[in-house]
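> only geometry, no sequence info:
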């Protein structure tokens, strides 16, 4: 028996979807797909959940921020700033009641190449 997914992410709008192995006309890299970014978003959700339930200061917070930055680097490798934005949107959509998650991610990713300046 198959187990259903416990976390669902919104898929990109059909207008942004491209068939696999197709090159864009302008030679730009393909946008990151939901399947590529979902594991990163799931890892970030787990990290943020642990961060929210633990202490707000000390070495644990540094470790959480470091883990969040590593996930950003994975997202950047997949598709640069566009993939990072997709991951951020997936994390926010997974728990809309956790408003602090967007702030935590944007603060942790500040100053990294390709992220919002």
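Now that the structure is in, tell me what you want to look at. Just so we're clear, the structure is a prediction, and the values are computed from it rather than from any experiment.
> now the helices for this structure?
Ranges of helices in the chain, per DSSP state H, are 34-53, 59-94, 100-109.
> and those helices: which comes nearest residue 115?
Of all those, helix 100-109 sits nearest to residue 115, with 4.7 Å by C-beta to C-beta. Where C-beta positions appear, they are placed from N, C-alpha and C, glycine not excepted.
> so what's the gap between the closest one and the chain middle?
On the basis of C-alpha atoms, centre = their mean, to the nearest Å, helix 100-109 sits 11 Å off its chain's mean C-alpha point.
> coming back round to it: now mean pLDDT, mean neighbour count and distance to residue 116 too, for the helices of the chain, in TSV please.
Listed next are the helices of the chain as TSV, based on pLDDT from 0 to 100; neighbours: other C-beta atoms under 10 Å; distance: least, C-beta to C-beta, whole Å:
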stretch	mean pLDDT	mean neighbour count	distance to residue 116
helix 34-53	88	17	16
helix 59-94	87	18	8
helix 100-109	86	16	7
